[in-house]
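J.: Got a predicted model here, sequence first, then my questions.
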Amino acid sequence: MFSGLSFGQLIDEKNVTVTMDLQPVLQLHMTTPDQVDFVFDDIREYYSGIIKYAATILKVSSSVTWDLYAVGTSQAGTIWDQQMTYSGGGGANAISALPLSCLELHQYEANRYDANAAGGTATDYSGLFQDAQTAAPVVGQNSIFYSATPYTAPGVDQKYIQGHSGTVAGDDGAPGGSYLIASPGVGQDFTDYYFTIDYRIVPGLPAIFPFAGDNLGNAEDLETVNAAGAYANPGVYTMNVKYILLEDQ
């Protein structure tokens, strides 16, 4: 009697939502002394300057395309903070407003993602330090980028360690990766995620800091900024160097 009937299969269902949260991760590891000291207590050091080789090592890991830049800053904003004065404050021509650009950097390896850079003397700090006795130096070639607002990224005419201003794929941002697993490319000793930083200061005699300048080629030595005969007021000065890793912008 019921042989021709069929019944649908009964089912029950429960659902689970799977969520994946891919947060951008940028990690900058830095190996460096807490303080890098330049003590000029010999006349030869005024002439030749002092170099601190590989004083800072930077190692990057990032899940996104990234830029890395160095910026000098201080409480005063764009000049060194004077902590102590020697020699009774110096003579009439002694200047205590010393430009942050008298600090020079040299990076290794070079910036490989700086195609968008334009208008500046240099796109990074990979140029060798100029001879300390150079009569007509290229001012600003290795001078640190400085700013009273250090978290505002440099423009296209300034220096970056890796990457640059702009978001053109492959041109001005390094791809995501890590120093932990990356391998050096052709012609590289290090990877795109590992840098050593040298520091140099050359006071000169008189102490006018002849290599100081911005990245547009404007000299910032003490005589150019002030007047002939100006020189640095003897004393103790401090400044801050920040290394900023950020998503490509």
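T.: Nice, I can see it.

J.: can we go C-alpha only for contacts and neighbour counts from here?
T.: Fine.

J.: ok now do the closest residue to Gly140 other than its chain neighbours, which residues does it touch?
T.: Residue nearest to Gly140 in three dimensions, not counting chain neighbours: Gly213, with 4.0 Å by Cα to Cα, 6 or more residues apart in numbering. By Cα atoms under 8 Å, 6 or more residues apart in numbering, the contact list for Gly213 reads Ser101, Cys102, Val139, Gly140, Gln141, Ser143, Ala219, Glu220, Asp221.

J.: Give me the pLDDT for Gly213.
T.: Gly213 carries a pLDDT value of 98.

J.: In the sheet, which residues pair with it? Tell me.
T.: In this entry, Gly213 is beta-bridged to Ala219, by DSSP bridges.

J.: And it, how close does it get to Thr123?
T.: Separation of Gly213 from Thr123 (Cα to Cα, to the nearest Å): 15 Å.

J.: now Ile11
T.: For Ile11, the distance to Thr123 (Cα to Cα) stands at 66 Å.

J.: The two: which has the busier surroundings?
T.: Taking neighbours as other Cα atoms under 10 Å, Ile11 and Thr123 compare with Thr123 leading, 28 against 5.

J.: show me the contacts for the more buried one.
T.: Applying Cα under 8 Å, 6+ apart to Thr123 gives the contacts Asn111, Asp114, Ala117, Asp157, Gln158, Lys159, Tyr160.

J.: what's the average pLDDT for the top helix by length along the chain?
T.: In the chain, with assignment by DSSP state H, the single longest helix is helix 43-48. Helix 43-48 carries an average pLDDT of 96.

J.: other SSEs contacting the helix or strand just after that helix?
T.: Downstream of helix 43-48, the next assigned helix or strand under DSSP states H and E is strand 50-62. For strand 50-62, the elements it packs on are strand 26-31, strand 177-178, strand 194-201, judged by 3 or more Cα pairs under 8 Å, 6 or more residues apart in numbering; DSSP states H and E.

J.: out of those strands, deepest packed?
T.: Scoring the helices and strands packed on strand 50-62 by mean neighbour count under mean count of other Cα atoms under 10 Å gives strand 194-201 as the most buried, with a mean of 20.

J.: who's in contact with the residue nearest in space to the middle of the chain?
T.: The centre of the chain sits closest to Ala70, judged by Cα atoms, centre = their mean, with a distance of 1.7 Å. Residues counted as contacts of Ala70 (Cα under 8 Å, 6+ apart) are Ile144, Phe145, Tyr160, Ile161, Val241, Lys242, Tyr243, Ile244.

J.: Kindly recompute the last result at 6 Å.
T.: Contact analysis of Ala70 by Cα atoms under 6 Å, 6 or more residues apart in numbering lists Lys242, Tyr243.

J.: would it count as being in a strand?
T.: Yes: counting by DSSP: H, G, I helix; E, B strand; the rest coil, Ala70 is found in a strand.

J.: those strands in the chain, which residues are they?
T.: Secondary structure of the chain (DSSP state E): strands at 26-31, 50-62, 66-73, 81-85, 94-95, 104-108, 177-178, 194-201, 231-232, 235-238, 240-247.

J.: Measure how far the third one is from the centre of its chain, please.
T.: Pointing back at strand 66-73 there. 4 Å (Cα atoms, centre = their mean, to the nearest Å).
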